[in-house]
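Curious how this folds, go ahead:
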Amino acid sequence: MSGDSSGSNGTRYDGLHALTFEDSGIKAIPSEKQPQLVLSWLSDVIGELKKYDRTTLTGDHQRFVATELGFLIDFIVKSKEEKEQLTTKAIRTAIAKTYEIIYSANASTELYETTNKLLAHVNAGKSDKYTELKQ
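Next up, the predicted model:
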């Protein structure tokens with residue numbers, strides 16, 4: 001979503017500069033248009049990743065995209081009113097497809113770290129649900 005061509009650590013990523021996710025840009029637009037922007041961003045990510053194959057998709061690329069997807073998921077989790085709009089089947093499928101592409105190469109460490117982060121989101125939601133039931 002940004003024209004910046006460097007990752008958060010200053011590393012340059014050729015061809016991946018358009019993949020930077022910025023939640024401030026999404027927050028600035030009306031909530032009914034946010035799902036379209038998220039889906040468009042995910043489509044751009046998938047399109048760019050399909051240009052790479054198993055040998056050219058490096059660990060740095062994978063970590064960069066996984067980090068940006070993490071920002072997206074954090075944004076969705078924190079969005080209370082728009083959460084239903086941002087968790088449509090199309091968006092969930094696009095997120096899953098993106099993870100499938102970046103982890104189709106051998107990336108067991110990154111996959112493990114991402115799985116743990118996603119499980120933390122799932123478990124946090126469960127504890128909130130049970131806390132509400134007890135009250």
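
ok, now how distant is Lys80 from Leu86?
11 Å (CB to CB, to the nearest Å). Every residue, glycine included, has its C-beta placed from N, CA and C.

out of those two, which sits in the busier spot?
More crowded of Lys80 and Leu86, by other CB atoms under 10 Å: Leu86, with 21 against 7.

Leaving out chain neighbours, which residue sits closest to that one?
Of all residues not flanking Leu86 in the chain, Ile76 sits nearest, at 4.7 Å (CB to CB, 6 or more residues apart in numbering).

what helix or strand does that neighbour sit in?
helix 59-78 (DSSP states H and E).

what's the helix or strand following that helix packed up against?
Per DSSP H and E, the first helix or strand lying C-terminal to helix 59-78 is helix 83-86. If you count contacts as 3 or more CB pairs under 8 Å, 6 or more residues apart in numbering; DSSP states H and E, helix 83-86 packs onto helix 34-49, helix 59-78.

Could you pull out the buried residues of helix 83-86?
For helix 83-86, the neighbour count (16 or more other CB atoms under 10 Å) marks Gln85, Leu86 as buried.

what sits against the residue nearest to Leu86?
Residues near Ile76 by CB atoms under 8 Å, 6 or more residues apart in numbering: Val38, Lys83, Leu86, Thr87.

how many neighbours does the last one have?
Other residues within reach of Thr87, judged by other CB under 10 Å, total 14.

Does anything pack onto whichever helix or strand Ile101 is part of? Which helices or strands?
According to DSSP H and E, Ile101 maps onto helix 89-102. Packing partners of helix 89-102 (3+ CB pairs under 8 Å, 6+ apart): helix 34-49, helix 59-78.
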